[in-house]
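> I would like the atomic coordinates for the input below:
(2 chains)
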2 protein chains.
Amino acid sequence: MSTRETLAGSPDVRRTNLAVMLRHLHLDGPMRRADLTERLRLTRSTVAGLVGELGRLGLVEQAVAGTSTVPAGRGRPSPVVRPCPLGTQVLAAEVRIDQVEVALVGLGGTVLRRESRLLTDRDPQATADLLAGVVRGLLADAPGRVVGLGVAVPGVVRHDDGDVRFAPNLRWRDVGLGAMLAERLPGTDVQVLNDGDAGALAEHLRGVARGWGDVVFVEGEVGVGSGVIIDGRPLVGAGGYAGELGHIAVAGPAGRRCRCGSYGCWETEIGRDALTRALGLGPDVSRRTLVAALHAPRTDLAARLDKVAYHLGAGLAVVVNVFNPRLIVLGGLLREVYPRVSGEVRRAMLAGALTAPAEQVRLVLPELGDDAVLLGAAETVWQRVLLDPVGALGG
Amino acid sequence: MSTRETLAGSPDVRRTNLAVMLRHLHLDGPMRRADLTERLRLTRSTVAGLVGELGRLGLVEQAVAGTSTVPAGRGRPSPVVRPCPLGTQVLAAEVRIDQVEVALVGLGGTVLRRESRLLTDRDPQATADLLAGVVRGLLADAPGRVVGLGVAVPGVVRHDDGDVRFAPNLRWRDVGLGAMLAERLPGTDVQVLNDGDAGALAEHLRGVARGWGDVVFVEGEVGVGSGVIIDGRPLVGAGGYAGELGHIAVAGPAGRRCRCGSYGCWETEIGRDALTRALGLGPDVSRRTLVAALHAPRTDLAARLDKVAYHLGAGLAVVVNVFNPRLIVLGGLLREVYPRVSGEVRRAMLAGALTAPAEQVRLVLPELGDDAVLLGAAETVWQRVLLDPVGALGG
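Here you go, the predicted model:
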């Protein structure tokens, strides 16, 4: 009911316009003020006033006409407005199985600085200490105001408080990561989110799925992470757990036992272990060796990957029937696997999916590569600023 | 991008307020003008003006204080505002396997008149003729202005033009029902939609799922229809095909062949045929006999339904992982089945679902019963009026 109530109140049109303008600049980069005027369908003087206000908030700057790299349009010269990455930043972190990445990201998505650390001890407290230490270092050197920290983890995360309910590949259950980081980083607003949700958001806003409203992102690593964009908005669900596709059953009760306790989950059939088994590699083989094996010229590759390809396609059929997406982005190890067995994957998908939604879907590879999750964690924090820059930064 | 553009333009606040007020009255029924004022957080005089405008559009009427059935609140008496079902109506139709239902529905969801016809000939042209004939009769007798017709069908429907891409239980493929009805009913705006989507909308707006934002509606009849509400909005997908849960694979390639061409789909394992087989009834048994058998006091019922219950739970596990809903509404034959085997269904669901989303879900029975789909078809038309009453009805 709250949306209805809000609609009824008299909206602050100026604040809304500021938010919309900032969103255009953050996502599309520098542009001529005349183009902003056209996009926002406002008067020139209103736009000039709004740009001035965003400038006072340290969010954008105006370049002298003629010095810009943006091609001049027809008509008289117009100043170029650009997001100002040094004025305001967010922090983004990604917890992987064996390392953590932390980055300082400026408005416009510019990565200003980036730190990587091996995660040798997956104990929750030790992980929180490691993250907080790197974050403090970046905070101390940040050139502008830092508005928050987004942390992506390979697990099921409670939306309200950043509690990691279940992260089998870290061996975490009910880890209050949000609270642990808030305690270590007083004054920093912390948001914890699922890594697949972060990847989906980044590919939707800045990657291959840009401009598409209905998108599913599936990333295969040790497990299978996933995130879903519905009509341009992230699928969240009641508690923040929606879009957890790695544990849909694709192989039935006869499938392998999954770390989640169930059998035949998608991630047990297409995740890293399934790939190493299929290729006849040892269980402790490195990711690098696995990727090399996927690229090696061997004649039996398709035959060896046959079952993985079938299960990848069978899971995609569920995704197609359930979400009717335009794009499915296959990331992580799937980016290496899919091009090698695309025929078999598509056959299995088409056999299991209804014709009407299957006709509309394209399987694509991510554009942001390994950075998608980290950039998505940053975008989660930016979303709050973009919704209401005046409220988030003070006017 | 279009939402962003709209946000930027200066919104017509008065028109928005009219829409919000009408939505409150349509969904919650008569209420004191003072309560409307409180809900909308507007001034008393603004609300009086808005009520007057909705009155001139024939949408609401004000009752003299004291004659109302709405209990008087504290404070001074306030006129009661009520939706006016005789002023404006919509038409709703439901195509079932063996009959069509058509209703004239007034603002507030009041069914003013209702007609039912046997569907003896499922030929698309014959079905369209039958529907159009009943609709014409209702149109001729309608007491007010009729703003459109919503038609729910048990099939996969293209959102743009009402093309029924696939309705296995009607034996339809690529039937242009939207165009066929538009041709037969000039001047009537026709919307065709999936029956599960209609049921979900109705239970969300007027039934058991009222007030809940994340809801999945699953109806088992000959096939399995379904619809999904995400954060208060219907899940649509790229072409209108999303939320088609009847064809997710729950029994793997070893399952029965489905009418869709795949194997082990949810609807082959829990639909009417699966139930009649489980209960040892003949394949041509009527729905009534089947329901009676489900209610008969027999000691072997749970054992006979064991496999259906397992597959119902296994499919629900996928639903829980994918959508993280608060409520799953089990309609149609599932309303009869679930209470008899709820323990086994829940066991199978919990075995396949992740703990975090499983903790949040409740399995419930529908409140609107067999009327859900028809009422949902009506609500689909009302949604357009409610978004912008002035635009839809002329100011």
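> Spell out which residues of the stretch 201-350 of chain A are next to chain B.
A:211, A:213-214, A:230-233, A:235-245, A:247-252, A:254, A:260-262, A:264, A:314, A:317-318, A:321-326 (Cβ under 8 Å from any Cβ of the partner chain). To be clear about C-beta, it is placed using only N, CA and C from the backbone, and glycine gets the same treatment.
> same thing but at 6 Å, please
Residues of the stretch 201-350 of chain A lying close to chain B by Cβ under 6 Å from any Cβ of the partner chain are A:214, A:230, A:237-239, A:241-242, A:244, A:247-249, A:252, A:262, A:318, A:321-324, A:326.
> Okay, now the unreliable bits of the stretch 251-395 of chain A?
A:395 (pLDDT under 70).
> Without its sequence neighbours, what residue ends up closest to the residue in the stretch 101-250 of chain A positioned nearest to chain B?
Nearest residue of the stretch 101-250 of chain A to chain B: A:Gly237, at 2.6 Å (Cβ to the nearest Cβ). Leaving aside its sequence neighbours, A:Gly237 sits nearest to B:Asn324 (Cβ to Cβ, 6 or more residues apart in numbering or on different chains; 2.6 Å).
> Can you give me the neighbour number for A:Leu50?
Neighbourhood size, A:Leu50 [other Cβ atoms under 10 Å in any protein chain shown]: 25.
> thinking again about what came up before, against B:Asn321, how distant is the residue of the stretch 101-250 of chain A closest to chain B?
From A:Gly237 across to B:Asn321, the span is 10 Å (Cβ to Cβ, to the nearest Å).
> So between those two, which is more surrounded?
B:Asn321 (30 against 26).
> Just to check, A:Ser78 is in contact with A:Arg33?
Yes: under the criterion of Cβ atoms under 6 Å, A:Ser78 makes contact with A:Arg33 at 4.8 Å.
> so the residue nearest to A:Gly237 makes contact with A:Gly240?
No: in this structure, B:Asn324 is not within contact of A:Gly240 by Cβ under 6 Å, at 7.4 Å.
> Neighbour count for those two, which is higher?
Neighbours were counted for B:Asn324 and for A:Gly240 using other Cβ under 10 Å; B:Asn324 has more, 29 against 25.
> Contact partners for the more buried one?
Residues in contact with B:Asn324 (Cβ atoms under 6 Å, 6 or more residues apart in numbering or on different chains) are A:237-239, A:241-242, B:357.
> Among the residues you listed, which lie within helices?
B:Pro357 (DSSP state H).
> out of the contacts of B:Asn324, who's nearest A:Val100?
Using Cβ to Cβ, A:Tyr241 is the member of those that lies nearest A:Val100, at 22.9 Å.
> how much space between that closest one and A:Leu375?
Taking Cβ to Cβ, one finds A:Tyr241 at 22 Å from A:Leu375.
> more neighbours, these two?
A:Tyr241 (29 against 26).
> check contacts around the more buried one.
A:156, B:324, B:356-357.
> Out of these, grab the one that's most surrounded.
B:Asn324 (29 neighbours).
> what's the spacing between that residue and A:Cys258?
Per Cβ to Cβ, B:Asn324 is found 18 Å from A:Cys258.
> Reformat the contacts of B:Asn324 as CSV; add distance to B:Ala202.
CSV is the format used below for the contacts of B:Asn324 (distance: Cβ to Cβ, whole Å):
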residue, distance to B:Ala202
A:Gly237, 22
A:Ala238, 20
A:Gly239, 25
A:Tyr241, 26
A:Ala242, 23
B:Pro357, 25
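> still on that earlier bit, which of the residues of the stretch 201-350 of chain A next to chain B fall within strands?
A:Ile230 (DSSP state E).
> Closest to B:Gly199 out of the contacts of A:Tyr241?
B:Asn324 (20.3 Å).
> which regions of the stretch 101-250 of chain A lie under the pLDDT threshold?
For the stretch 101-250 of chain A, no range has pLDDT under 70.
> How about residues contacting stretch A:149-161?
With Cβ under 6 Å, 6+ apart as the test, stretch A:149-161 has contacts from A:91-95, A:164-167, A:169, A:178, A:188, A:190-195, A:198, A:225, A:239-241, A:373, A:377-378, A:380-381, B:354, B:356.
> Can you pull the residues of the stretch 51-200 of chain A lying near chain B?
A:156, A:165.
> Can you show me the helices along the stretch 51-200 of chain A?
A:124-141, A:177-184, A:195-206 (DSSP state H, counting those that start in this stretch).
> Mean neighbour count for the ones you listed - can I get that in TSV?
Formatted as TSV, the helices of the stretch 51-200 of chain A follow (neighbours: other Cβ atoms under 10 Å in any protein chain shown):
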stretch	mean neighbour count
helix A:124-141	17
helix A:177-184	19
helix A:195-206	28
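> Reformat these into JSON lines and put distance to B:Arg39 next to each item.
Below are those laid out as JSON lines (distance: least, Cβ to Cβ, whole Å):
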{"stretch": "helix A:124-141", "distance to B:Arg39": "44"}
{"stretch": "helix A:177-184", "distance to B:Arg39": "34"}
{"stretch": "helix A:195-206", "distance to B:Arg39": "34"}
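> The ones you listed: which one's closest to B:Gly220?
B:Gly220 lies closest, by Cβ to Cβ, to one member of the helices of the stretch 51-200 of chain A: helix A:195-206, at 30.9 Å.
> Which elements pack onto the closest one?
strand A:215-220, strand A:224-230, helix A:372-387 (3 or more Cβ pairs under 6 Å, 6 or more residues apart in numbering or on different chains; DSSP states H and E).
> can you give me the angle that helix makes with strand A:215-220?
130 degrees (axes from the mean of the first three to the mean of the last three Cα atoms, to 10 degrees).
> How is chain A partitioned into domains?
A:2-83, A:88-195+A:372-393, A:208-366 (automatic domain parsing).
> between those domains, which gets nearest to B:Ala296?
Among the domains of chain A, domain A:208-366 sits nearest to B:Ala296 (Cβ to Cβ), with 30.1 Å.
> Now do the end-to-end distance for the closest one.
Distance across domain A:208-366, first residue to last, is 6 Å (Cα to Cα, to the nearest Å).
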